[in-house]
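1. have a look at this fold, sequence not included:
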């Protein structure tokens, strides 16, 4: 496993020092390879971060509601009526239903970015495409993670 690609995003990489965390973050200071393996070694196929822009908070909640069947209850839900970008984080496993979930109409097009393991991103994209009219806006892949952007309409 390439530890540097699995270190939390709050890390900065300094030449000759490796990953370093800012004071006040979950981890702080330098992390050696053994500690990094312990902290990041458990990435599962169900970890997913979803960011949504466009539409309102009700639209973001509709998107999250559709994903809950596949990924379970999110650890972080979208909130904030005045927010322009809303975030949901999934860390668990849902029922895995392959059926179309009726989400109801969206008030406006919603741009959704899903980020996680390639398997989680594929499952999220498939789930959203079954419930909304989805247009693939592109993807980017890293060593351990993938990101896909979709435009949802209904």
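-> Received it, and whenever you're ready, just let me know what you need. The shown structure was predicted, so the numbers you read here are calculated from the model rather than taken from an experiment.
2. I'd like the average pLDDT over stretch 72-80.
-> For stretch 72-80, the mean per-residue pLDDT is 87.
3. whoops, I mixed them up, stretch 103-123
-> If you average the pLDDT over stretch 103-123, you get 93.
4. for the nearest residue to residue 83 once chain neighbours are set aside, give me the backbone phi and psi.
-> Leaving aside its chain neighbours, residue 83 sits nearest to residue 57 (7.4 Å; criterion: CB to CB, 6 or more residues apart in numbering). (Each C-beta comes from the backbone N, C-alpha and C, glycine too.) The phi/psi pair for residue 57 (degrees, to the nearest 10) reads phi -70, psi -30.
5. what about residue 57, how many neighbours?
-> 16 (other CB atoms under 10 Å).
6. can you check residue 119 too?
-> Residue 119 sits with 13 neighbouring residues when counted by other CB under 10 Å.
7. again with residue 116
-> By other CB under 10 Å, neighbour count at residue 116 equals 27.
8. how much space between the closest residue to residue 65 other than its chain neighbours and residue 133?
-> Excluding its sequence neighbours, the residue lying closest to residue 65 (CB to CB, 6+ apart) is residue 103, at 6.5 Å. Residue 103 is 11 Å from residue 133, where distance means CB to CB, to the nearest Å.
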